[in-house]
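> Here you go, sequence then predicted model.
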Amino acid sequence: MKDIYQLFESLNSKNILSIGSGIGYIEKRIYELSKKINITAIEPSIEINRFRLPNKIDFRHGFFPNIVKGEKFDFAYACFIDYCFN
């Protein structure tokens, strides 16, 4: 986690977008390292029980890019996204 936080700091990233955040574990850990970073976390599954996330983390149910249309972020990442095809 510290490596990820150092990357954000080196890029002077203040507004972070997490695509496919799942339960929000990574976002919560990033927030614990720096409360100066604004995190928007999106997750399409409504069946995910998320961690008790701080109010500072903007957790949204929906799909990228529609749920953040028109918003600007300094850095975006996606981790462990699984896709299902019919």
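Yep, it's here. Numbers count the residues shown, from 1 in each chain.
> hey, where'd the strands end up in the protein?
15-19, 38-43, 57-61, 75-78 (DSSP state E).
> Would you mind giving these as a markdown table with mean pLDDT added?
A markdown table is the format used below for those (pLDDT from 0 to 100):
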| stretch | mean pLDDT |
| --- | --- |
| strand 15-19 | 93 |
| strand 38-43 | 92 |
| strand 57-61 | 91 |
| strand 75-78 | 90 |
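> Dump these into TSV; add mean neighbour count and distance to residue 9 as well.
Placement of C-beta: from N, CA and C, glycine included. Output for these, formatted as TSV (neighbours: other C-beta atoms under 10 Å; distance: least, C-beta to C-beta, whole Å):
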stretch	mean neighbour count	distance to residue 9
strand 15-19	20	11
strand 38-43	21	14
strand 57-61	17	18
strand 75-78	15	11
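> For residue 28, which of these is the nearest?
strand 57-61 (7.2 Å; C-beta to C-beta).
> mind listing what the residue nearest in space to the middle of the chain touches?
The central residue of the chain, meaning the one whose C-alpha is nearest the mean C-alpha position (C-alpha atoms, centre = their mean), is residue 18 at 2.5 Å. Residue 18 makes contacts with 26-27, 39-42, 76-79, as judged by C-beta atoms under 8 Å, 6 or more residues apart in numbering.
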